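# Below: sequence and its predicted model.
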Amino acid sequence: MLAIRLILGRVLDGFNIYIAMCLSGWLMHNTVFGGALYLVGRIWITYASLYGKESYEFLPNRIQVRGKIIFVFAVLFTFALSVIYPVTQSFRGFFLLLIFVLVQLILRQLVEPHPPKTGDTLANMLEVSSYRLYIRMLSNASIAINIVVLSYVCYIRFHPARGLGQNILLFLLWGIGILVITLLVWHILNRKVLHKYEKPSIFILGAVLWCIASIGSYNHVFSSAIIPGTLWCIGLGLMVAIIISIGQDIQTIMAFAMGDIKQLVYWRSTDIMVQWSIMVSNLVMLLMLTVLSFLAVGLTSMEAQLGIQNLFNLVMLLLPIGFVLAALIFALVQPLDRHYMEKFTLYQKLKARGREDAAIRTSLNDRLVKGTKRIGIRILRTFLKPLFPCHIHGKQIVDTSQGAVVFVCNHLEVYGPVLTTLHMPFYFRPWVNSQVLNEASLELELQAGVDRLVGFLPLWLRRRIPRWIKGLFLFVMRSVEPIPVYRNNFREVMTTLKQTAKVLEEDDNVLIFPENPVQGDEGGQYPEEGVASFFTGFVHIGTEYFKNTGRVVTFYPMYVCKKKRTITFDFGVTYNPEAPKSEEKERIVSYLHGRMQRMAEAQERD
């Protein structure tokens, strides 16, 4: 398992560096030098593996170019450590230390697994967006883990109050603790949680716990070192568990995107990128250790050792947090969320039955192979959910097992769209007024809302607010993948209906707000209680969907109550293609409006 090998490899390298540093301190009176010598050896071994004749041509162009830069730095560091340092400082103990490190590297390489070579180019695989984002998330997490382990080794080596035996025992217990907690978290997630929550969101939680533990430990917020250590391990466990799980999902997506890709090809390509990431992080640590090797000659005082310990403490905080935050960003834009995994599973089931759904395949290809997830909605939910608490009623009534459905909801000005966006228990794509999605007309659309909501502000300020917020508003609105609603003429209305039917074909639910705002008020407002009359044209969604697929769609009424802060679902009504269109439209509209009105009255009585 790649993730477990990643942790084991880092712990083993950390142990070897610690031993090399101890021997270096004894032989050359320079503790840092031994660690730098071991790291430069590991970099050359990894470089030879990645950029040898058998694998070089299969690397992406950008990795090939960066390899030349790494080669130059590796040569410079090797020259500095093997020539300049012995000549300018002392040859005493150098050759004995060099032999010992070479033996360490040989033994380390013997236990390093070597995946078989493949003839497939990694560059082709990185063209698949979901795989590319997964690799970037994995690479940044790998760099963070490696830097933490190496920094921790240096940190405990310079702890003046502990002896050699205590430090080795502490490091081994730390490594075992990481593995045990990681496996425990993976086991719990796999049994209880992974099927209920989006995997990128769990990864984000792990990254946040990691950052809290690191910052809290550095600033001595916690009374005991056990607390940040446990938080850090749980955060790491969450991230590693999700890396494993998403990796398994991505493998099936790669088979979808590139044909029947072999498991060997997938894991070999992934391993290449992990090894490259480890080499980069080793180079970062080597830079610091090489500089310190020249500065720390004969360093024996307690004050100096504490200074180096504090430096590694700072490095262990800042560098990994930076890479973890980068991994968090790639997790945010990962398109393979729970909804698209469910859609992919449905596609596979249909294909196994001999019916390959072209619409679903196109949707999967556009999102998982070519696209990314817009992060606006995730950011919005993170910050606004606590401000808009909500209870869900009747969720079990909704049946999406036979295909996508249409949810029909009351508007409540901005409250209805906001609450459904934050708390809707089903994936959906909403109808949104096309004027709101057009940057040229958005400012005018926002102005009416600003005047109504903050009319107490001076006129000059109200006139500027729409200009200030329209960029953020567009960013958020586009992230919910809206269906533009056109109302100017029949042709534009049909465009909306046809696009909605296409979305349903792709197995995506649709949310609409068909209320007609009260025209008697200035600008037209939606009622604060109850349900206004409907625009009835939305029923033609059923006609278009049946014409395209031969299947019928179900409309589910739902009611948002601002006073009780609830979203309530009721039994749906299914479109009947055999009934006269005018009668069917009246039947569906009457049923939905009546059910929503009864839900509103029930909320008022309770």
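Right, received. Where do you want to start? Numbers count the residues shown, from 1 in each chain.

# only C-alpha atoms for contact and neighbour calcs from this point on.
Fine.

# what are the ranges of the strands in this protein?
391-393, 406-409, 429-433, 483-485, 510-512, 554-561, 566-569, 573-574 (DSSP state E).

# These into TSV, with extra columns for mean neighbour count and distance to residue 596?
Formatted as TSV, the strands of the chain follow (neighbours: other CA atoms under 10 Å; distance: least, CA to CA, whole Å):
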stretch	mean neighbour count	distance to residue 596
strand 391-393	13	13
strand 406-409	24	8
strand 429-433	20	18
strand 483-485	22	22
strand 510-512	23	13
strand 554-561	25	6
strand 566-569	22	9
strand 573-574	16	12
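
# Walking through the stretch 451-600 of the chain, point out its helices one by one.
Taking DSSP state H, counting those that start in this stretch as the test, the helices found in the stretch 451-600 of the chain are 459-479, 490-505, 540-549, 581-605.

# Among those, show the one with the smallest mean pLDDT.
Lowest mean pLDDT within these: helix 459-479, at a mean of 81.

# which residues does residue 589 contact?
534, 536, 539 (CA atoms under 8 Å, 6 or more residues apart in numbering).

# Just give me the neighbour total for the first one.
Per other CA atoms under 10 Å, the neighbour tally for residue 534 reads 17.

# any idea how far it is from residue 526?
Look at residue 534 and residue 526: by CA to CA, to the nearest Å, they are 11 Å apart.

# Common neighbours of those two, please.
Counting by CA under 8 Å, 6+ apart, the shared contacts of residue 534 and residue 526 are 515, 516.

# ok, now which ones touch the residue nearest the centre of the chain?
In the chain, the residue lying closest to the centroid (CA atoms, centre = their mean) is residue 331, at 1.4 Å. Neighbouring residues of residue 331 by CA under 8 Å, 6+ apart: 133, 134, 137, 200, 201, 203, 204.

# ok, the fifth one - contacts?
With contact set as CA under 8 Å, 6+ apart, residue 201 has these partners: 331, 332.

# picking up where we left off before, out of the helices of the stretch 451-600 of the chain, the one nearest residue 451 is which?
Closest to residue 451 of the helices of the stretch 451-600 of the chain, according to CA to CA: helix 459-479, at 6.7 Å.

# Can you list the buried residues in that closest one?
Using 16 or more other CA atoms under 10 Å as the test for burial, helix 459-479 gives 462, 463, 466, 470, 473, 474, 476, 477, 478.

# about what we covered before: with distance to residue 14 added, can I get the helices of the stretch 451-600 of the chain in a markdown table?
Putting the helices of the stretch 451-600 of the chain into a markdown table (distance: least, CA to CA, whole Å) gives the following:
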| stretch | distance to residue 14 |
| --- | --- |
| helix 459-479 | 43 |
| helix 490-505 | 52 |
| helix 540-549 | 60 |
| helix 581-605 | 62 |
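
# Indicate which one of the ones you listed is closest to residue 396.
helix 581-605 (16.1 Å).

# What residues sit buried inside that closest one?
584-585, 588-589, 591-593, 595-600, 603.

# okay if I get those residues as a markdown table plus distance to residue 217?
Shown next, in a markdown table, are the buried residues of helix 581-605 (distance: CA to CA, whole Å):
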| residue | distance to residue 217 |
| --- | --- |
| 584 | 65 |
| 585 | 64 |
| 588 | 60 |
| 589 | 60 |
| 591 | 60 |
| 592 | 56 |
| 593 | 57 |
| 595 | 55 |
| 596 | 53 |
| 597 | 55 |
| 598 | 55 |
| 599 | 51 |
| 600 | 51 |
| 603 | 49 |
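
# just those residues now: which is nearest residue 30?
Nearest to residue 30 among the buried residues of helix 581-605: residue 603, at 75.2 Å, using CA to CA.

# Contacts only, for that closest one.
Applying CA under 8 Å, 6+ apart, we find residue 603 in contact with 561, 564.

# Could you do residue 425 as well?
Counting by CA under 8 Å, 6+ apart, residue 425 makes contact with residue 395.

# Adjust the sequence numbering to begin at 30 for everything that follows.
All right, first residue 30 from here; so that's residue 454.

# can you pull out the helices in the stretch 130-279 of the chain?
Using DSSP H, counting those that start in this stretch, the helices of the stretch 130-279 of the chain run over 151-154, 158-186, 193-217, 228-247, 255-287.

# Any idea which of the ones you listed has the lowest pLDDT on average?
Lowest mean pLDDT of the helices of the stretch 130-279 of the chain: helix 151-154, a mean of 72.

# And for residue 464, the neighbour number?
Around residue 464 there are 17 residues (other CA under 10 Å).

# Please list all residues in contact with it.
Residues in contact with residue 464 (CA under 8 Å, 6+ apart) are 470, 471, 474.

# Torsion angles phi and psi at it?
phi -60, psi -30 (degrees, to the nearest 10).

# so what's it scoring on pLDDT?
80.

# For the contacts of residue 360, give me a markdown table that also has distance to residue 91.
Rendered in a markdown table, the data for the contacts of residue 360 read as follows (distance: CA to CA, whole Å):
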| residue | distance to residue 91 |
| --- | --- |
| 162 | 16 |
| 163 | 17 |
| 166 | 17 |
| 229 | 26 |
| 230 | 30 |
| 232 | 27 |
| 233 | 28 |
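
# Buried among those? Make that a PyMOL selection.
The PyMOL selection below is limited to those of these classed as buried (16+ other CA under 10 Å):
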select buried, resi 162+163+166+229+230+232+233
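
# which among the contacts of residue 360 gets closest to residue 61?
residue 166 (30.9 Å).

# okay but that closest one is in contact with residue 359, surely?
Yes. Between residue 166 and residue 359 there is a contact under CA atoms under 8 Å: 5.4 Å.

# per the record, what domains does this protein have?
31-365, 369-398, 412-462+511-634 (automatic domain parsing).

# could you redo those domains as TSV and give each row distance to residue 485?
Formatted as TSV, these follow (distance: least, CA to CA, whole Å):
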stretch	distance to residue 485
domain 31-365	38
domain 369-398	44
domain 412-462+511-634	17
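
# about what we covered before: quick check, nearest of the contacts of residue 360 to residue 542?
residue 230 (28.6 Å).

# got the contact list for the residue of the chain most remote from its centre?
The centre of the chain is farthest from one residue, residue 121, which by CA atoms, centre = their mean lies 50.7 Å away. Neighbour list for residue 121: 56, 57 [criterion: CA under 8 Å, 6+ apart].

# again, only this time at 10 Å
By CA atoms under 10 Å, 6 or more residues apart in numbering, residue 121 lies in contact with 56, 57, 58, 115.

# circling back: of the domains of the chain, which approaches residue 479 most closely?
With CA to CA as the yardstick, what comes closest out of those is domain 412-462+511-634 (11.4 Å).

# Endpoint to endpoint, that closest one covers what distance?
Termini of domain 412-462+511-634 sit 32 Å apart (CA to CA).

# what's near enough to touch residue 610?
Residues in contact with residue 610 (CA under 10 Å, 6+ apart) are 568, 569, 572, 616.

# Of those, just say which sits nearest to residue 587.
Each of the contacts of residue 610 was checked against residue 587 using CA to CA; the closest is residue 568, at 15.9 Å.

# which non-adjacent residue is nearest the closest one?
Of all residues not flanking residue 568 in the chain, residue 614 sits nearest, at 5.8 Å (CA to CA, 6 or more residues apart in numbering).

# quick one on the thing from earlier: tell me the buried residues within the contacts of residue 610.
Neighbour-count burial (16+ other CA under 10 Å) is assigned, among the contacts of residue 610, to 568, 569, 572.

# what would the residues you listed look like in TSV with distance to residue 203?
What follows is those, written out as TSV (distance: CA to CA, whole Å):
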residue	distance to residue 203
568	62
569	63
572	63
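
# For the stretch 30-179 of the chain, which residues score under the pLDDT cut-off?
30-33, 83, 86, 119-120, 142-152 (pLDDT under 70).
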